[in-house]
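> Give me coordinates for this.
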Amino acid sequence: MKVHFIAIGGSAMHNLALALNDMGYEITGSDDEIFEPSKGRLAKKGILPDQIGWNAELIHTNLDAVILGMHARKDNPELVRAQKLNLPIFSYPEYLFEASKSKTRIVIGGSHGKTSITSMILHVVQSEGLECDYMVGAQLEGFDNMVKLTESAKYIILEGDEYLSSPIDRRPKFHLYQPHIALLSGIAWDHINVFPTFENYVDQFRIFIDKIDRDGSLIYFEKDPEIAKLVAEQSGDFDSNGYNIPVYQIENGITNITIDGNKYPLEIFGEHNLQNLLGAVLVLEKMGIKKHDSLTALSNFKGASKRLELVKRAETSVIYNDFAHSPSKLKATTAAMQHQFPNRQLVACMELHTFSSLSKKFLSHYDGAMQTADTAIVYYNPKTLEHKKLDPISKEMVSNGFNQKGLIVFTDALELREFLNAQKWENKNLLLMSSGNFDGIDYKELAEELLG
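Next up is the predicted model:
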């Protein structure tokens, strides 16, 4: 099989390219920018494009498939040529569906927690030695790639993102997978550049539920009001199972959960992570793995990359980083840190980086999002707004949106770093939250500066 990737440098795209390369496919690709770690990983496998940029000559009739990334545009010269030659063109979720038609498809959806839940399931699957194909949105410890495809695996576990599939396929990715087993973790309005109203956003999850196999299963967080409404209105043949937050205690900084009379110590913490864990366990039961076996394996689960990930621990201080950027994620992650370390002060620092978070009309949704932090900091780069072609925002607008007394707003990464270096970190923790990296801050390097 000869497969060409248009926009091969993307996180999901380059991992799919690596997976197909491992299956023996002949892979080519192109992109107008490729950064690390994609660049090094593609080079290691010998499939890094020779030149940066688009080249229509790479598209020819001997190709079996063209996979189109969201980063490309409708007028991309390679796409235009592929269309003229009537070549099979897929978005990466469309290709994953085609590759998994003979498998039991497990799709993890929801506005938050998708990567964590998928990671938990894969952690147990690996521990149990069960062969599974998968696609997950973060690099996991013990896994070479974020995508795995085989001919033999019975199951495929897919992180079901609600963002759009490709420039020429405007369906949300998770609409394409048609799950046999589905999980929904919660609904909190995101991607406002694509889903302009909350109602329109909720509709995407209604459509997702409608696409569950008639003999399938839906597992959902029953305390989420929007999901509860969607489940109540369903008349499908699939069975539905709700989950909640398990009983837990924090002892000496360790979270322990009690289920069916058994106590399990965990390395992760926070109520959002505990509900994610229970959802993962229910999915694993559908796969034939007993609850006790799953919970035993999850006792040493350290978390997915950038999901309450420990950067550095000192005697009286810790630094964590998290992918959190939406209001609900900020609220849950900040509260989790404060609850886990009640005798320490918390400095919570977030970056406005996504289209939604930088939008004027969305800022008010951040009202109280970091209320549980002792010191709350917001960073944004005005140049990012220019790049995304958004109206400028002021520090005052950000302060009004967050509506938090004492909120500190920075627009210069160096000034932010100097502020953090000026703090005394005894009995004080730092939480860094961003889908970016505060314009190039190396977290480990920063941690060494702050904690030594």
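> who's in contact with Lys428?
Neighbour list for Lys428: 316-317, 344-347 [criterion: C-beta atoms under 8 Å, 6 or more residues apart in numbering]. All C-beta atoms are positioned from the backbone trio N, CA, C, and that covers glycine.
> any idea how far Gln340 is from the nearest residue to Leu432 once chain neighbours are set aside?
Sequence neighbours aside, Asn321 is the residue nearest to Leu432 in space, at 4.4 Å (criterion: C-beta to C-beta, 6 or more residues apart in numbering). Distance of Asn321 to Gln340, computed by C-beta to C-beta, to the nearest Å: 15 Å.
> So between the two, which is more surrounded?
Taking neighbours as other C-beta atoms under 10 Å, Asn321 and Gln340 compare with Asn321 leading, 25 against 20.
> three-state assignment of the more buried one?
strand (DSSP: H, G, I helix; E, B strand; the rest coil).
> before we move on, back to that, can you flag the buried ones in the contacts of Lys428?
Buried by 16 or more other C-beta atoms under 10 Å: 317, 344-347, out of the contacts of Lys428.
> Out of those, which comes closest to Phe205?
The nearest member of the buried ones among the contacts of Lys428 to Phe205, counting by C-beta to C-beta, is Leu346 at 32.3 Å.
> can you pull the contacts of that closest one?
Residues near Leu346 by C-beta under 8 Å, 6+ apart: 334, 337-338, 372-375, 428-429, 431.
> what lines up beside the host helix or strand of it in the sheet?
In the assignment (DSSP states H and E), Leu346 maps to strand 345-351. Strands that pair with strand 345-351, judged by DSSP bridges, come out as strand 375-379 (parallel), strand 428-433 (parallel).
> so what's Leu266 bridging to?
The partner residues for Leu266, given DSSP bridges, come to Thr255.
> State the distance from it to Asn276.
For Leu266, the distance to Asn276 - C-beta to C-beta - is 11 Å.
> Between the two, point out the one with more neighbours.
A count of neighbours by other C-beta under 10 Å puts Asn276 above the other of Leu266 and Asn276, at 30 against 20.
> quick one: that one and Met120 touch, right?
Yes - with contact defined as C-beta atoms under 8 Å, Asn276 counts as touching Met120 (6.7 Å).
> State the pLDDT value of the residue nearest to Leu432.
The model reports Asn321 with a pLDDT of 95.
> For it, give me its contacts.
The neighbourhood of Asn321, defined by C-beta under 8 Å, 6+ apart, consists of 306, 309, 311, 431-434, 443.
> Redo these as CSV? Include pLDDT and distance to Thr104.
Shown next, in CSV, are the contacts of Asn321 (pLDDT from 0 to 100; distance: C-beta to C-beta, whole Å):
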residue, pLDDT, distance to Thr104
Lys306, 81, 29
Glu309, 90, 30
Val311, 95, 37
Leu431, 98, 38
Leu432, 97, 38
Met433, 96, 35
Ser434, 94, 36
Tyr443, 95, 38
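> now, which of those sits nearest Pro382?
Among the contacts of Asn321, Ser434 lies closest to Pro382 (C-beta to C-beta), at 16.2 Å.
> What's the local residue count around the closest residue to the closest one other than its chain neighbours?
The spatial neighbour of Ser434 that comes closest, neighbours along the chain excluded (C-beta to C-beta, 6+ apart), is Glu351 at 3.6 Å. Number of residues near Glu351 (other C-beta under 10 Å) recorded here: 27.
> Nothing else from me, thank you.
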